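1. kindly return the folded structure for what I paste below:
(one chain, ligands or ions: 1)
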Amino acid sequence: MAAAAAVGEVAAGGPEPPVCVLVLGMAGSGKTTLVQRLVAHLHGQGAPPYVINLDPAVHELPFPANIDIRDTVKYKEVMKQYGLGPNGGIVTSLNLFATRFDQVMKFIEKRQNTSKYVLIDTPGQIEVFTWSASGTIITEALASSFPSVVVYVMDTSRSTSPITFMSNMLYACSILYKTKLPFIVAMNKTDIIDHSFAVEWMQDFETFQDALNQETTYVSNLTRSMSLVLDEFYSSLKVVGVSAVLGTGLDEFFVQVSKAVEEYEREYRPEYERLRKKLEKAQSKQQKEQLERLRKDMGPVSVESTSLAGPADTSAMGPSDLILTRGTLDDEEEDSDTDDIDHQVTEERHEEPAFKNFMQETRMKYHKKCARGVGDIQK
Ligand SMILES: Nc1nc2c(ncn2[C@@H]2O[C@H](COP(=O)(O)OP(=O)(O)OP(=O)(O)O)[C@@H](O)[C@H]2O)c(=O)[nH]1
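-> Take a look at the predicted model:
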């Protein structure tokens, strides 16, 4: 992967690689609002970020995205085509997009002189990203090439009960395990309630126990024990209180991001460098297997030669061979980003026919297979 050289270039005195900030969190925690606020903040500082939206089902993006999954994968078409519900549609769309993620990596690499940060908004259904093959592919691709950190957005106003707080922290802990990246908890909505109570609960076991004293259920006993277990997790956790709506706490947010990047360089980078080398050496064997699994997951439309659709062509598995970018949104950078703009024009020209062909072919294959299945049953 061409972008893979990015991390190594720092040591060689090359351009600073951008920091990839993966924004995760439960539905409604404020991910999109926070990304919007971060984009505005960085633009205000004359450091426009590169922005990627990975939520195929979002209606309206309140921020300008350089790469928007919705330009490449039509979520509603995917739902119709594969006969899926909303969640299945989101998972499949992200899977399809992940099969093209090498192109995204190249776009990010091209931006390393101009953008210090790459902000990545993820689907509201958090498990779609954290517990899917595509989430692993995307996270590993980013982290093996660029310093990458996870920001877990938490709705502070909905975590004031010690039991809800604990379940949120356990979730955060499971994401830490899953992503294997430096981790920041952004306690959002501090305009409603200050996050100091939560920080106190994490730092002072007794205060948390006191808060739990009003609860006498089995769950409260379990929560008591869990708070002891999580002590180690809390002690190394980076926490920052923010209000995405007001834009407060953002300076501290970026201080925590810098610390997380140091942690990435110190503790995670050697591991990801090893992974990158292994991937390069083995021709991304693991990724290929995952992609293969994804393709199998696509069910009846997986690779199969039919006389109607012509010979099997794995390149037609995705909705488009090309990831669309929207170039830069900064006038002053237009010169340095002309490549992206050119791509945009050519890719847009290819996108619509490619997507229509893909849909037509897969539909024919699907109907043919269904008809064959009914025939078999009747026999
Ligand atoms: N009071 C307050 N409300 C907020 C804040 N951040 C987000 N919200 C509100 O919370 C709701 C959800 O915000 P989103 O940014 O859409 O949350 P999300 O996590 O992206 O939601 P999904 O797309 O469903 O995953 C919206 O009504 C926001 O206006 C905040 O800092 N303070």
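
2. so which residue is smack in the middle of this protein?
-> For the chain, the residue nearest the mean C-alpha position is residue 122 (4.5 Å; CA atoms, centre = their mean).

3. what sits against it?
-> Going by CB atoms under 8 Å, 6 or more residues apart in numbering, residue 122 touches 22-24, 31, 54-55, 128-129. Yep, even glycine has a C-beta here, placed from its N, CA and C like the rest.

4. tell me which of those fall in strands.
-> For the contacts of residue 122, the ones inside strands are 22-24, with DSSP state E as the criterion.

5. what residues does the stretch 101-250 of the chain put near the ligand?
-> Proximity of the stretch 101-250 of the chain to the ligand, by CB under 6 Å from any ligand atom, involves residues 124, 188-189, 191-192, 243-245.

6. how does it look with 8 Å?
-> Proximity of the stretch 101-250 of the chain to the ligand, by CB under 8 Å from any ligand atom, involves residues 121, 123-126, 153, 155, 157, 188-192, 242-246.

7. show me the contacts for whichever residue of the chain sits closest to the ligand.
-> The nearest approach of the chain to the ligand comes at residue 124, 2.4 Å away (CB to the nearest ligand atom). Applying CB under 8 Å, 6+ apart, we find residue 124 in contact with 26-28, 31, 55, 57-58.

8. which intervals of this protein have sub-threshold pLDDT?
-> Where the chain drops to pLDDT under 70, the residues are 1-15, 216, 282-285, 287, 298-379.

9. in ChimeraX, how would I select the buried members of the residues of the stretch 101-250 of the chain next to the ligand?
-> Selecting only the buried entries of those in ChimeraX, with 16 or more other CB atoms under 10 Å as the criterion:
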select :121,123,124,125,126,153,155,188,189,190,242,243,244,245
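
10. and the residues of the stretch 101-250 of the chain next to the ligand, which of them are in helices?
-> residue 126 (DSSP state H).

11. for this protein, which segments count as strands?
-> 19-25, 50-53, 67-68, 117-121, 148-155, 183-188, 238-241.

12. name the helices or strands packed onto the last one?
-> What that stands for is strand 238-241. Secondary-structure packing of strand 238-241 (3 or more CB pairs under 8 Å, 6 or more residues apart in numbering; DSSP states H and E): strand 183-188, helix 196-203, helix 250-263.

13. tabulate the ones you listed (a markdown table), appending distance to residue 220.
-> Conversion of these to a markdown table gives the following (distance: least, CB to CB, whole Å):
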| stretch | distance to residue 220 |
| --- | --- |
| strand 183-188 | 22 |
| helix 196-203 | 14 |
| helix 250-263 | 31 |
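
14. please identify the most buried of these.
-> Mean neighbour count (mean count of other CB atoms under 10 Å) peaks for strand 183-188 among the helices and strands packed on strand 238-241, with a mean of 25.

15. mind listing the strands that one pairs with, and their directions?
-> Its sheet considered, strand 183-188 pairs with strand 148-155 (parallel), strand 238-241 (parallel) by DSSP bridges.

16. next, the angle from it to strand 19-25.
-> 60 degrees (axes from the mean of the first three to the mean of the last three CA atoms, to 10 degrees).

17. who wins for neighbours among the contacts of residue 124?
-> Within those, neighbour counts (other CB atoms under 10 Å) peak at residue 31, which reaches 25 neighbours.

18. you'd agree that residue is up against residue 153?
-> Yes: Residue 31 is within contact range of residue 153, at 5.0 Å (criterion: CB atoms under 8 Å).

19. quick check: neighbours shared by those two?
-> Common contacts of residue 31 and residue 153 (CB under 8 Å, 6+ apart): 23-25.
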